[in-house]
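Peer 1: curious how this folds, go ahead:
(one chain, ligands or ions: 1)
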Amino acid sequence: MAKLYNSRLVNATKMVKDAHENKYAIGHFNINNLEWTKSLLEAAQDSKTPIIIATSEGAIKYMGGLKTIVGMVNGLLEELNITVPVALHLDHGQSVEMAKKCIEAGYSSVMFDGSHLPYEENIAKVKELMIFANDHEVSVEAEIGSIGGEEDGVVGEGELGDPLQAEEMSKLGISMLAAGIGNIHGKYPEWWKSLSFETLEALQNACKLPMVLHGGSGIPQDQVEKAIKLGISKINVNTELQLSFRDATRKYIEDKKDLDDHGKGFDPRKLLAPGSKAIKETFLELTKWFGCQGKAK
Ligand code: 13P
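Peer 2: Predicted structure coming up:
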């Protein structure tokens with residue numbers, strides 16, 4: 001727990017366990033910069049909502065590295081006096097080494113995504129990571145099957161998770177399990193119909209763990225609610241915030257407010273303000289669906 005000692009960050013274990021027991025889901029929101037982080041933390045605090053803020057490996061590079069992110073998040077927690085539970089999570093960690101680096105830097109939660117590895121290798125790596133993560137009281141998310149997404153311009157559906165693998169993973173002490181259930185990262189293509197609830201049910205019966213729904217942007221509300229009833233306890237959202245930010249920023253520019261030199265419409269604090277507000281609004285709308293608003297104790 002050494003790295004968490006001076007931090008208000010908590011791991012995600014308790015959050016997702018409570019969500020699982022009480023049939024709601026915690027929102028996992030990917031961050032890209034200061035505005036994203038600040039907007040999410042303020043909206044979480046105002047609505048008394050526990051939150052997982054996450055960075056992909058790409059976002060870590062973009063933001064200038066782990067120390068920058070951990071420093072920024074811890075600074076904001078303190079300076080904005082954020083008292084709701086907040087976990088800082090590595091999203092889709094591609095190696096055990098990267099997950100360990102994040103833990104050493106001060107992340108309170110990590111995902112190891114071994115979905116592209118042969119299953120035996122995936123499980124061996126999760127086992128290896130668990131020893132280090134347990135020593136640091138950091139929560140771990142593993143993945144089986146795979147999440148769909150775009151590759152070479154073609155959107156694929158991913159691979160459905162296997163209940164036997166889910167059961168085996170559940171014995172490793174992980175806090176949550178992500179699985180392919182027909183979900184897709186990014187915008188859902190026109191041909192996409194539905195999550196595979198049959199698969200979700202079978203996986204949940206096999207592992208009995210809080211489960212993670214990746215590709216949380218653009219899934220209809222009734223499907224989100226059904227998935228939560230069937231064991232989804234964490235929902236990952238990235239694209240939806242990016243689209244809200246894009247739309248609000250586009251409007252500011254189309255209204256030519258950035259060209260108002262006398263009003264200093266070019267000041268990034270003004271230029272980025274509508275997008276930041278839009279992030280808050282989207283957070284509030286989605287967390288209402290997820291049922292996690294007001295759950296900070
Ligand atoms: P979306 O970008 O589709 O919301 O997916 C986010 C995600 O699953 C991050 O792990």
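
Peer 1: what ranges do the strands span in the stretch 151-297 of the chain?
Peer 2: Per DSSP state E, counting those that start in this stretch, the stretch 151-297 of the chain carries strands over the ranges 154-159, 176-179, 211-213, 232-237.

Peer 1: now for the first one, which elements pack on it?
Peer 2: Other elements packing on strand 154-159 under the criterion 3 or more CB pairs under 8 Å, 6 or more residues apart in numbering; DSSP states H and E are strand 146-151. Every C-beta, even on glycine, is put in place using the N, C-alpha and C of the backbone.

Peer 1: isn't residue 23 right next to residue 229, touching?
Peer 2: Yes: Residue 23 lies in contact with residue 229 (CB atoms under 8 Å); the separation is 6.1 Å.

Peer 1: follow-up on the earlier one: closest to residue 221 out of the strands of the stretch 151-297 of the chain?
Peer 2: Counting by CB to CB, residue 221 lies closest to strand 232-237 out of the strands of the stretch 151-297 of the chain; the figure is 11.8 Å.

Peer 1: return the distance of the closest one from the chain's centre.
Peer 2: Between the centre of strand 232-237 and the centre of its chain there are 7 Å (CA atoms, centre = their mean, to the nearest Å).

Peer 1: now do that strand and strand 146-151, the angle between them.
Peer 2: On the basis of axes from the mean of the first three to the mean of the last three CA atoms, to 10 degrees, strand 232-237 is oriented at 10 degrees to strand 146-151.

Peer 1: how close does residue 157 sit to residue 243?
Peer 2: Separation of residue 157 from residue 243 (CB to CB, to the nearest Å) stands at 21 Å.

Peer 1: nope, residue 65 is what I meant
Peer 2: As judged by CB to CB, residue 65 and residue 243 stand 27 Å apart.

Peer 1: do residue 87 as well
Peer 2: Residue 87 sits 24 Å away from residue 243 when distances are taken as CB to CB.

Peer 1: tell me the secondary structure for whatever residue of the stretch 1-150 of the chain ends up closest to the ligand?
Peer 2: For the stretch 1-150 of the chain, the residue closest to the ligand is residue 91, as judged by CB to the nearest ligand atom, at 4.6 Å. Of the three states, residue 91 takes strand under DSSP: H, G, I helix; E, B strand; the rest coil.

Peer 1: secondary structure element for the nearest residue to it once chain neighbours are set aside?
Peer 2: Once flanking residues are discounted, residue 91 sits nearest to residue 54: 4.1 Å by CB to CB, 6 or more residues apart in numbering. According to DSSP states H and E, residue 54 maps onto strand 51-55.

Peer 1: ok so, going back, looking at residue 23 and residue 229, which is more packed in?
Peer 2: residue 23 (14 against 11; other CB atoms under 10 Å).

Peer 1: would you list the phi and psi of that one?
Peer 2: Backbone geometry at residue 23, expressed as degrees, to the nearest 10, gives phi 60, psi 50.

Peer 1: how about it, what does it touch?
Peer 2: Neighbour list for residue 23: 228-229, 291 [criterion: CB atoms under 8 Å, 6 or more residues apart in numbering].

Peer 1: residue 142 now?
Peer 2: Counting by CB under 8 Å, 6+ apart, residue 142 touches 111-112, 114, 122, 126, 169, 172, 174, 177-178.

Peer 1: now do 6 Å
Peer 2: By CB atoms under 6 Å, 6 or more residues apart in numbering, the contact set of residue 142 is 112, 126, 169, 174, 177.

Peer 1: my guess is the fourth one contacts residue 139. True?
Peer 2: No: using CB atoms under 6 Å, residue 174 is not in contact with residue 139, being 8.1 Å away.

Peer 1: could you measure from the closest residue to residue 225 other than its chain neighbours over to residue 123?
Peer 2: With CB to CB, 6+ apart as the criterion, residue 225 has its nearest non-adjacent residue at 6.9 Å, and that residue is residue 289. To residue 123, residue 289 is 33 Å away according to CB to CB.
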